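> how does the following fold in three dimensions:
(chains A and B)
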Amino acid sequence: MSPILFWFFTILMLGFALAVVFNINPVASALSLVVSFIGLAALFFQLDANFIGTIQILVYAGAVMVLFLFIIMLLDLKAEQSRRLNLLAIVGGIAVIGVFVAQLIAVLHRFPGGNKPFPPLAASVDDVRSVGSALFTSFNLPFQVIGTLILVATIGVIVLSKRELK
Amino acid sequence: MVTLNDYLLASGLLFAIGFAGVLLRRNIIIIFMCLELMLNAANLSLVAFSRFNLGINGLPDYNAQVFVFFIITVAAAEVAVGLAIIVALYRSRQTTHVEDINSLKF
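Numbering: from 1, shown residues only, chains lettered A, B, ... in the order given. Take a look at the predicted model:
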């Protein structure tokens, strides 16, 4: 785990996440989100989670973001015209975020157990096999529940996108 | 040297950025993207803990990675349903601005 790569991908991820929030144009936000997810996938690879990093790129940067861009272009959203900003909401939001970040830094400061480098691995990772065997043995029931959930979501999407709800 | 706290800090900041987007932006699609950022921040800390707490065989704890797999699956289903709802909403109201959708507001 090289520190230079870690900080490079962390700054890439956080910078483009900020771009998602502050871009006026929804298409630019969606493309920033893709870059942010690729930075996050690189962090997963550095943590020896190759399977998770791969499905992060395939599912998020691929499928989910294509869906987002498709919907943005289907609805033909333009850049937002400037509206009268709700000052109370903005001040309140920034205050909540400030308290959250201060709390985060305080908690991490008082957590000496995490202030150690990662222990070395005993063997080379074979994580697709390990995740797969955990998925099909100890987590077999949740796996089937997830399958049912996806089926229900598919049916729900078809019902929702019908022209007339009768 | 990269420590666990660095990863937790990165994850917490990513969560804070997503949270800021949900609180500050008024376009419902951007709010939805920021929700995805928050889910991914949780995934990053789960994977970091999985790599930090090695199992008895000296390999990462794969139960956490199965959990991350479930989160990604549920998030993908949620995006599909959520975007279908946004399309249905746009058809009836011609807006994606949350302040224009106030018929349930007291």
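
> next up, the contacts around B:Ile60.
Actually, residue B:60 is Pro rather than Ile. A:47-49, A:121, A:125, A:127, B:50-51, B:54 (CB atoms under 8 Å, 6 or more residues apart in numbering or on different chains). All C-beta atoms are positioned from the backbone trio N, CA, C, and that covers glycine.

> could you check the pLDDT of A:Ile24?
You'll see A:Ile24 listed with a pLDDT of 87.

> ah, wrong one, I meant A:Phe70
Looking at A:Phe70, the pLDDT reads 92.

> okay, it and chain B: tell me how far apart.
A:Phe70 is 8 Å from chain B, where distance means CB to the nearest CB, to the nearest Å.

> which parts of the chain are helices?
Looking at chain A here, since you left the chain open. A:3-22, A:26-46, A:50-55, A:65-75, A:87-109, A:127-136, A:140-160 (DSSP state H).

> meant chain B actually
With DSSP H as the criterion, chain B has helices spanning B:4-24, B:28-52, B:62-93.

> hmm, the longest one in reach of chain A?
Yes - using CB under 8 Å from any CB of the partner chain, helix B:62-93 reaches chain A at B:62-63, B:65-66, B:68-70, B:72-81, B:83-88, B:90.

> can you select the buried ones from those residues in PyMOL?
Here is the PyMOL command that picks out the buried ones among these, judged by 16 or more other CB atoms under 10 Å in any protein chain shown:
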select buried, chain B and resi 62+65+66+68+69+70+72+73+75+76+77+78+79+80+83+84+85+86+87+88+90
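
> residue in chain A nearest to chain B?
A:Ala122 (2.3 Å; CB to the nearest CB).

> quick one, what contacts that residue?
Per CB under 8 Å, 6+ apart, neighbours of A:Ala122: B:54, B:57-59.

> and it, its phi and psi?
phi -80, psi -30 (degrees, to the nearest 10).

> one step back: now render the helices of chain B as JSON lines, adding mean pLDDT.
JSON lines is the format used below for those (pLDDT from 0 to 100):
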{"stretch": "helix B:4-24", "mean pLDDT": "93"}
{"stretch": "helix B:28-52", "mean pLDDT": "93"}
{"stretch": "helix B:62-93", "mean pLDDT": "92"}
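
> nearest to A:Leu67, of these?
A:Leu67 lies closest to helix B:62-93 among the helices of chain B, at 6.0 Å (CB to CB).

> now do that closest one: which elements does it pack against?
Helices and strands touching helix B:62-93, by 3 or more CB pairs under 8 Å, 6 or more residues apart in numbering or on different chains; DSSP states H and E, are helix A:50-55, helix A:65-75, helix A:127-136, helix A:140-160, helix B:28-52.
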